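S.K.: Here's a sequence, model it:
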Amino acid sequence: MTRTPRKILSALVISVALAGLAPALAAPAGAAPLSSAVEAGKGKVKVDGKLSKDHVKVNEKVDLKGNLKVLDPARSDTALEAVIVQQLRAGTWVNIADTTCRPNGGFSLSLSFSLSATVSLRLYHPETTLYAAAYSASTLTLRVG
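M.R.: Modelled structure (predicted):
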């Protein structure tokens with residue numbers, strides 16, 4: 001039995017089309033893709049803060065005060081939300097401290113550093129079931145030494 005190039009091409013197109021439909025046919029009815037299910041309904045938040053000083057001595061404490069604002073006025077929750085302080089080390093943001101606060105509430109932390117350096121810090125709110133992740137818009141710079 002000889003196949004013509006047209007028949008081979010037609011068979012190839014049909015098999016590729018069916019292979020592409022197989023995962024969609026196997027998914028349960030009404031199931032949403034994971035990415036849209038995770039993003040749907042998340043409230044937007046903004047996290048920001050300010051250091052009490054921009055220069056401290058080694059092991060001297062510096063206060064960091066900030067707030068977590070909910071940008072979606074229709075969303076209101078009283079559960080505590082995490083806020084993480086991150087330090088830039090060798091090009092990577094590393095968690096160094098954390099606290100909690102209520103949405104549209106404030107927080108305060110006391111930090112100290114044991115080495116002389118210029119420290120770059122940012123605030124981070126991790127994604128939760130109610131709110132999307134957020135980083136502070138600006139980097140906080142502290143001179144230690």
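
S.K.: Val85 contacts Asp63, correct?
M.R.: No - with contact defined as Cβ atoms under 8 Å, Val85 does not reach Asp63; the gap is 11.9 Å. For the C-beta atoms, the positions are set from N, CA and C on the backbone; glycine is no exception.

S.K.: what touches both of those two?
M.R.: The overlap between the contact sets of Val85 and Asp63 (Cβ atoms under 8 Å, 6 or more residues apart in numbering) consists of Leu109, Leu111.

S.K.: Comparing those two, which residue is more hemmed in?
M.R.: Val85 (22 against 13; other Cβ atoms under 10 Å).

S.K.: ok, for that one, nearest residue in space, not its chain neighbours?
M.R.: Ala97 (4.3 Å; Cβ to Cβ, 6 or more residues apart in numbering).

S.K.: Remind me which helix or strand the one you found belongs to.
M.R.: Per DSSP states H and E: Ala97 is located in strand 92-101.

S.K.: In that strand, which residues are buried?
M.R.: Thr99, Cys101 (16 or more other Cβ atoms under 10 Å).

S.K.: That one pairs with which strands, parallel or anti?
M.R.: Here strand 92-101 has these sheet partners by DSSP bridges: strand 81-89 (antiparallel).

S.K.: So what touches the partner strand?
M.R.: 45, 47, 64, 66, 68, 93-103, 107, 109, 111, 119-126, 128, 131, 139.

S.K.: Only the buried residues of that strand, if you could.
M.R.: Result for strand 81-89 [16+ other Cβ under 10 Å]: buried residues Glu81, Val83, Ile84, Val85, Gln86, Gln87.

S.K.: Quick check: the closest residue to Ser136 other than its chain neighbours vs Asn59, distance?
M.R.: Among residues not flanking Ser136 along the chain, Leu123 sits closest, at 4.0 Å (Cβ to Cβ, 6+ apart). According to Cβ to Cβ, to the nearest Å, Leu123 stands 23 Å off from Asn59.

S.K.: Name the next helix or strand downstream of the lowest-mean-pLDDT helix or strand in the chain, please.
M.R.: None of the helices or strands of the chain scores lower by mean pLDDT, DSSP states H and E than helix 34-39, at a mean of 34. For helix 34-39, the following helix or strand on the C-terminal side (DSSP H and E) is strand 45-51.
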